[in-house]
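Q: Below: sequence and its predicted model.
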Amino acid sequence: MLDTVKKLCALSGVSGWEDEVRDYILERALPFADETATDPMGNIYIFKKGAVSPDRPLMVCAHMDEVGVIVTGIDEDGCLRFDFCGGVDRRVVLGKRVFIGAQAVPGVIGIKPIHLTDPGERAAVPKLDALRVDIGAEDAADARKRVRPGDRGVFDNTIYEFGDGFLKAKALDDRVGCAAMLKLLEGELPADTWFVFTVQEEVGCRGAAVAASRVRPGFALVLEGTTAADVGGVEKGMEVCFLGRGVVIPFMDKGTIYDHAVYERFTALAEAGGVPWQTKGRIAGGTDASAIQRRDAGAAVLTVSAPLRNIHSPASVGKIGDIELMPVFAGMVLEEAARGY
Amino acid sequence: MEMREMIAALASQRAPAGFERGAHQTAAELLRPFVDDLETDVLGNLIGKRRCGVEGAPVVMLDAHLDEVGLIVTGYEGAFLRFDSIGGVDERILPAAEVVLLAPEGPIRGVIDALPPHVVPESEREKPVPMEKLFIDAGFSDGEQAAERVPRGTPAVYATPCFAMGEHLLAGKSLDDRSCAAILIAAMQKLHGKTLAADVAVHLAAQEEVGGRGALTGAWGVDPDYALAVDVTFGTAPGTPADRSCRLGGGTAIGLGPAAARTVSDKLIAVAEKRGIPYQLEVMGGRSGTDADEIQTTRGGVATGLVSLPLRYMHTPTEIIDLRDAEAAAELIAAWIESFGEED
């Protein structure tokens, strides 16, 4: 599981350019699939038979895409204008490395040296239109040999374990969910299940909407990475959830009010099964559940997440114990859902 | 060793101001073949001397600093580490930065946590997070563990490796000023086996990033007649005005201004012209912000010059230099040393 997470995080998959992640997942999932499909969006569908066949199948989903940058233009001096794909606070990209395009051309998002800035400048965050990705090109013509507008860029992809069982990588949101699904696929299933690896979650759950129309699930389990905000300097009570305290099951987030009976049923399941779990202390974040819940005839949805620090930044951090709980509890959720929902 | 490999080897060392000894071994190994002896002084300057054997020959000091900007742990907030900066660090680059803590047990990885956009109001995102509200997260479970493994006073540096960009550029942390330390070693390599008319002291300085403190004792000890401070200068980049910076790939920069003796600047220009070495001029009104400021006024005064390497995004984890400029600088410095004893 941990090894799969690391492998997945090393791949590039900024929204709309999920190809590397899709190729890897397909290769890993095919031996366990009874049926596979794709769609024009680029979602992958892996069907696996289970002990029972409900009228409307179960669906598990995680998104393949990650936040990053997209090149919007090339200046005369060869530096790249860019925008973000997904929600990125531009304060986390200053002074950082990015890798642009299919060739992973290294670039940096630099700022003016501190020696040349005045206090007023240091009190402001540079506007996006003042930031550039510098790939060290001689000029625009040289830059065009290596990149072109529309190219996506990913954050620095160093991956390592550190401290007391923590993992640092980019794109933990939502490769932890993808890895949990690959793990689930390897085992026996309690009911027929569609495993859907979605695209474009970070830009508005666009892949999941289409997937819900195709699968028409009765019950969908969304596996995610969610923002913890349990870091230093956060006032007590302002945290969303905590690393090391188990899986996160929200009753509500910014995108979804979960059916309260569903919430109570599955949190009771965690409780009874001795699975460490927590809910969100603040209404924050959103997942593919928002699209699936209200698509077409609608579906019952549940989100189970691993708590992560610094998501949507180059330095996202998870606790390995929480991440490894994901497929364990997801398996229990499927068992329970197979009894009817 | 090639310039590229030498810069990468030096920039990979972790040695913020006050903790330069972390870079001494690598620097000493690279410099040793080209000098007669190596010593360190009480501040942590590493000095390699090559003697020409001529009685009464002038002493020339070549200075580049070995220290880099960094952070230092000042306390704890739960399991997280409070810190301050060592040298000039723009706090705006810190959220989500990766660092290496130089802990008693050895290097420890850490990240500087940033609140995710999901919980930060739009209006807050326009304001930089002040350093006192930023914390290093080294993956500790509680404050006790943090304090035991990372005591107060533990320094940290950026984690960025040295990496190539295209054919000519190198990027990463601490290219300020390890790339110039490499330039000095490369210059000594060029002079290896040649007869010189000056004694040369390569002075790899401590504590430049906190204000030329190493150069004070280092220059006193070397007691030079001439000196060159070799440091980085602002490279032209988005956000850095072209009239206050030098172009990457435009050659090494020769400094003009009160911090540089006119005789030395003129000689450097003449040498560059004669040898066809690409150079550009950098004019500084007052202090240079390099060790030249301290060296120039050491003892009875030192005829000091400035040779600089254009560098983009100074003091960030992603500085960029052009290897062609570094080669030009090494060539110029070697040629200038050779010019001692030559007829004008």
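A: Structure received.
Q: How about A:V248: which residues does it bridge to?
A: The partner list for A:V248 in beta bridges (DSSP bridges) reads A:Q278, A:S305.
Q: my guess is it contacts A:R282, does it?
A: No. Taking contacts as Cβ atoms under 8 Å, A:V248 lies outside contact range of A:R282: 11.6 Å. Backbone N, C-alpha and C define where each C-beta goes, glycine included.
Q: which ones are touching B:Q189?
A: Listed by Cβ atoms under 8 Å, 6 or more residues apart in numbering or on different chains, the contact set of B:Q189 reads B:33-34.
Q: now the host helix or strand of it, how far from the chain's geometric center?
A: For B:Q189, the enclosing helix or strand under DSSP states H and E is helix B:175-191. When C-alpha coordinates are averaged (Cα atoms, centre = their mean, to the nearest Å), helix B:175-191 and its chain have centres 10 Å apart.
Q: got it, and stretch A:51-68?
A: 14 Å.
Q: Now that stretch: buried residues?
A: Of the residues in stretch A:51-68, A:54, A:57-68 count as buried by neighbour count, 16 or more other Cβ atoms under 10 Å in any protein chain shown.
Q: what about residue 3, neighbour count?
A: No chain in the question, so chain A it is. Residues near A:D3, counting by other Cβ atoms under 10 Å in any protein chain shown, number 8.
Q: wrong one, I was asking about chain B
A: Using other Cβ under 10 Å: B:M3 sits among 20 other residues.
Q: sorry, back to before: now for the buried residues of stretch A:51-68: which two are most distant?
A: Farthest-apart pair in those is A:P54 and A:G68; separation 37.4 Å (Cβ to Cβ).
Q: picking up where we left off before, between A:V248 and A:R282, tell me which one has more neighbours.
A: Taking A:V248 and A:R282 together and counting by other Cβ under 10 Å, A:V248 has the greater number of neighbours (26 against 17).
Q: quick one: contacts for the more buried one?
A: When contacts are counted by Cβ under 8 Å, 6+ apart, A:V248 is found next to A:226, A:241, A:277-280, A:304-307.
Q: for A:E76, same thing?
A: The neighbourhood of A:E76, defined by Cβ under 8 Å, 6+ apart, consists of A:139-140.
Q: A:L269 too?
A: A:275, A:332-333, A:336.
Q: 7 Å - rerun?
A: When contacts are counted by Cβ atoms under 7 Å, 6 or more residues apart in numbering or on different chains, A:L269 is found next to A:332-333, A:336.
Q: Over to B:M165?
A: Listed by Cβ under 7 Å, 6+ apart, the contact partners of B:M165 are A:106, A:135-136, B:171, B:320.
Q: now it, which residues is it bridged with?
A: Under the criterion DSSP bridges, B:M165 forms beta bridges with B:L169.
Q: and stretch B:136-143, how far out from the chain's middle?
A: Between the centre of stretch B:136-143 and the centre of its chain there are 31 Å (Cα atoms, centre = their mean).
Q: Only the buried residues of it, if you could.
A: B:136-141.
Q: hmm, who's touching it?
A: The set of residues that contact stretch B:136-143 without belonging to it, under Cβ under 7 Å, 6+ apart, is A:162-164, A:166, A:231, A:244, A:309, A:317, B:76, B:78-81, B:83, B:99, B:101, B:108, B:110-113, B:146, B:150, B:156.
Q: what's the pLDDT at B:A334?
A: According to the predicted model, the pLDDT of B:A334 comes to 98.
Q: do the one 4 residues further on as well
A: pLDDT, B:E338: 97.
Q: and it, how far is that from chain A?
A: Computed with Cβ to the nearest Cβ, to the nearest Å, the distance linking B:E338 and chain A is 32 Å.
Q: so what's that residue up against?
A: By Cβ under 7 Å, 6+ apart, the contact list for B:E338 reads B:K194.
Q: Then B:D291?
A: For B:D291, the contact set (Cβ under 7 Å, 6+ apart) comprises B:63, B:65, B:205, B:208, B:212, B:215, B:229, B:231.
Q: Which phi and psi values does the nearest residue to it once chain neighbours are set aside adopt?
A: Counting by Cβ to Cβ, 6 or more residues apart in numbering or on different chains, the nearest residue to B:D291 once its immediate chain neighbours are dropped is B:A215, at 3.9 Å. Reported as degrees, to the nearest 10, the phi and psi values for B:A215 are phi -60, psi -20.
Q: quick one: contacts for B:A215?
A: B:63, B:205, B:208, B:291, B:294-295.
Q: Show me what residue of chain A gets nearest to chain B.
A: Nearest to chain B in chain A, going by Cβ to the nearest Cβ, is A:G163, at a distance of 1.6 Å.
Q: and that residue, how far is that from A:T227?
A: A:G163 is 19 Å from A:T227, where distance means Cβ to Cβ, to the nearest Å.
Q: Measure how buried B:T263 is and give me the count.
A: For B:T263, the neighbour count with other Cβ under 10 Å is 11.
Q: burial measure for A:A102, as a count.
A: Going by other Cβ under 10 Å, the residues that sit close to A:A102 add up to 12.
Q: Quickly note the distance from the nearest residue to it once chain neighbours are set aside to A:F99.
A: Distances taken as Cβ to Cβ, 6+ apart place A:D151 nearest to A:A102, at 7.7 Å, with adjacent residues excluded. Plainly put, A:D151 is 10 Å away from A:F99 if you go by Cβ to Cβ.
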